[in-house]
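# Let's see this in three dimensions:
(one chain, ligands or ions: 2)
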Amino acid sequence: MSKIQCVRGTRDLLPEDKKSFRFVDETAFQIARRYGYGEIETPIFEFSEVFHRMGETSDVVSKETYNFEDRGGDKLTLRPEGTAGVARAFVSEGLAQNLPLRLYYSGPMFRYERPQKGRYRQFQQLGVECLGLETPLADVECLALAHDLLQALGLGGEVQLEINTLGDPASRQAYRDQLVAYFTPHKASLSQDSRTRLEKNPLRILDSKDEGDRRLIAGAPSFEECLNEESKKFFARVLQGLKDLGISYTLNQRLVRGLDYYNHTVFEFTTDRLGAQGTVLAGGRYDGLIEMMGGPRTPGVGWAAGIDRLADLLDKTKLPKDSPLIALIPADEAGEKESLKVAHELRQKGERVEIFSSGNVGKKMKKANNAGAQWALILGTTEVETAQFALKNLSTGEQKTIPRPELKNFNFR
Ligand code: ATP
Ligand code: MG
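Numbering: from 1, shown residues only. Ligands and ions are numbered 1, 2, ... in the order given. Predicted structure coming up:
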């Protein structure tokens, strides 16, 4: 039998990896809470229709989903992103009663993509959705939350915010028509993908990474000419809010998002430290989504961030330190019995304690050192009988005797 492995594009996250992932997630939730967000968890799979309602023309839905039929014959899809599930929950749980609603989520997502560094088939996202607010202030707050998070992760200096507007539906339609008029005479020189997009979703051509497409895109009309007054005003207020908060940004007229439900503000935070996989956080306004999901017309704005990419960027030396590890080294059977009790008492106090029980005392000490223990407590018959323990500080090498009753008051930190 060949050696068993995890599926291409998936990976095991070991304790060292999880430290970074958890730090990103916990930091994000802590900051989201300051903005009034509560946490939601939706299922990892949904009826395929949930994602089809988001728009058949997006690459994520049309090419990247894991679809399967379960034993009962239901057509299901592993979620490729979080917004659709949240929108579905909003409709099926009847959450429209209590607006605005601010929701935070985090968890695994699944996309059938070509695996490479920073791009996996199972990866993790965290995200926020603010539902029920039409005002550009909501966009600004959403962006400020993203900005705060990246600062808190120590990435403020190396990510850039790129922002654009897709305008309201009328402006978007006008731009769409202009793009079709511009690209149609060049149809033969477009890539296969972009030719399909020209019919289904011409805006997405702007997102193409194909060299030939990029040359044509450079000459394409810009969105600005098609924005109506309403849309211009909305965008101006978003940008003014960012200025007021001192959040710097770059306007990128070619920025469109992969999913079809966006309008008005769209944005991405990117870095050049991750090569081609440089987008760490992306989102925008999606006023039509809830309606597409079969709910009442409800404006929304939100974003999602790739935890794998954020974790990769973190300076691991700045991760919060664990509390010191106390190693209990039983020297014999009486010491072993006692160490169970001592460990229990210290853990009750909140200390981190590990009992090292295999090999001779020398071997145990070595293992404790390798585990990064800060303290070693040696317990044998003599120590138990005299109620005097030998406590060693492993970083200074200093050793002292500590009476058993004083142990629970000792400051290990
Ligand atoms: P990309 O242009 O890199 O394909 P995207 O536009 O498909 O990104 P979104 O759908 O906006 O990405 O998802 C938000 C974030 O989730 C991305 O900015 C990225 O950090 C992360 N992400 C998306 N796809 C993957 C993946 N396959 N592996 C790891 N992270 C991912
Ligand atoms: Mg993608």
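
# what about the residue in the stretch 1-150 of the chain positioned nearest to ligand 1, which SS state?
When distances are taken as Cβ to the nearest ligand atom, the stretch 1-150 of the chain reaches nearest to ligand 1 at residue 123, 3.5 Å away. From N, CA and C alone the C-beta is placed, and that goes for glycine too. Secondary structure, DSSP: H, G, I helix; E, B strand; the rest coil: residue 123 is strand.

# buried residues in the helix-or-strand element of the chain with minimal mean pLDDT?
Averaged element by element with mean pLDDT, DSSP states H and E, the chain has its least confident helix or strand at helix 59-63 (a mean of 76). By neighbour count on 16 or more other Cβ atoms under 10 Å, the buried set for helix 59-63 is 59-61.

# can you check stretch 52-59 too?
For stretch 52-59, a neighbour-count test (16+ other Cβ under 10 Å) marks 52-55, 57-59 as buried.

# ditto for stretch 125-138
Buried residues in stretch 125-138 (16+ other Cβ under 10 Å): 125-133, 136, 138.

# what do you get for stretch 214-229?
Quick answer for stretch 214-229 (16+ other Cβ under 10 Å): 216-217, 220, 223, 226-227.

# related to what we said a few turns ago, tell me which two of the buried residues of stretch 125-138 sit farthest apart.
Spatially, the most separated pair among the buried residues of stretch 125-138 is 125 and 136, at 24.9 Å (Cβ to Cβ).

# Next up, identify which helix or strand the residue nearest to residue 165 when sequence neighbours are not counted is on.
Excluding the flanking residues, the one nearest residue 165 by Cβ to Cβ, 6 or more residues apart in numbering is residue 235, at 4.1 Å. Assessed by DSSP states H and E, residue 235 sits inside helix 229-244.

# helices or strands next to that helix in the packing?
Packing contacts for helix 229-244, counted by 3 or more Cβ pairs under 8 Å, 6 or more residues apart in numbering; DSSP states H and E, involve helix 136-152, strand 160-165, strand 263-270.

# can the helix or strand harbouring residue 105 be found next to ligand 1?
Here residue 105 sits within strand 101-110, counting by DSSP H and E. No: Strand 101-110 does not reach ligand 1 (Cβ under 6 Å from any ligand atom); its nearest approach is 7.2 Å.

# Output that strand as PDB, nothing but the C-alphas.
The C-alpha coordinates for strand 101-110 follow below in PDB (Å, rounded to 0.1, in the frame of the first residue of the first chain):
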ATOM      1  CA  LEU A 101     -26.800  43.400  12.200                       C
ATOM      2  CA  ARG A 102     -23.000  43.000  12.500                       C
ATOM      3  CA  LEU A 103     -21.700  39.500  12.200                       C
ATOM      4  CA  TYR A 104     -18.200  38.100  12.400                       C
ATOM      5  CA  TYR A 105     -17.300  34.600  11.200                       C
ATOM      6  CA  SER A 106     -14.200  32.500  10.800                       C
ATOM      7  CA  GLY A 107     -13.600  29.000   9.500                       C
ATOM      8  CA  PRO A 108     -12.500  26.700   6.600                       C
ATOM      9  CA  MET A 109     -13.400  27.400   3.000                       C
ATOM     10  CA  PHE A 110     -13.000  25.100   0.000                       C
END
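
# Mind telling me which residue of the stretch 201-350 of the chain is nearest ligand 1?
When scored by Cβ to the nearest ligand atom, the stretch 201-350 of the chain has residue 306 as its residue closest to ligand 1, at 2.3 Å.

# Name the nearest residue to residue 331, sequence neighbours excluded.
If the residues on either side of it in the chain are set aside, residue 331 comes closest to residue 380, at 3.1 Å by Cβ to Cβ, 6+ apart.

# wait, what's in contact with that neighbour?
Contacts for residue 380 (Cβ atoms under 8 Å, 6 or more residues apart in numbering) come out as 330-332, 334-335.

# quick revisit: list the buried ones in the very next helix or strand once past the least confident helix or strand of the chain?
Sequence-wise, the next helix or strand downstream of helix 59-63 (DSSP H and E) is strand 66-69. By neighbour count on 16+ other Cβ under 10 Å, the buried set for strand 66-69 is empty.

# Can you give the contact residues for strand 66-69?
With Cβ under 8 Å, 6+ apart, strand 66-69 has contacts from 48, 75-78, 80, 110-112.

# which sections of the protein are below the confidence cut-off?
Along the chain, the model assigns pLDDT under 70 to residues 1, 56-57, 258-260.

# picking up where we left off before, restricted to helices, list the contacts of residue 380.
334-335 (DSSP state H).

# Please identify which of the contacts of residue 380 is nearest to residue 399.
Using Cβ to Cβ, the shortest approach to residue 399 within these belongs to residue 331, at 14.4 Å.

# show me what contacts the closest one?
Neighbouring residues of residue 331 by Cβ under 8 Å, 6+ apart: 361, 378-381, 383.

# on that earlier part again, report the two of the buried residues of stretch 52-59 separated the most.
So, the buried residues of stretch 52-59 by Cβ to Cβ: farthest apart are 53 and 59, at 16.3 Å.

# can you give me the offset of the strand or helix carrying residue 342 from its chain's centre?
Taking DSSP H and E as the definition, one finds residue 342 inside helix 333-348. Taking the mean of its C-alpha atoms, helix 333-348 sits 40 Å from the chain's own mean (Cα atoms, centre = their mean, to the nearest Å).

# Give the partner strands of the following helix or strand past that helix in its sheet and their orientations.
Proceeding N to C from helix 333-348, the next assigned helix or strand is strand 352-355, under DSSP H and E. Paired with strand 352-355 in the same sheet, following DSSP bridges, are strand 325-330 (parallel).

# contacts for the strand it pairs with?
335-336, 338-339, 342-343, 346, 351-357, 361, 364-365, 368, 371-380, 394, 412.
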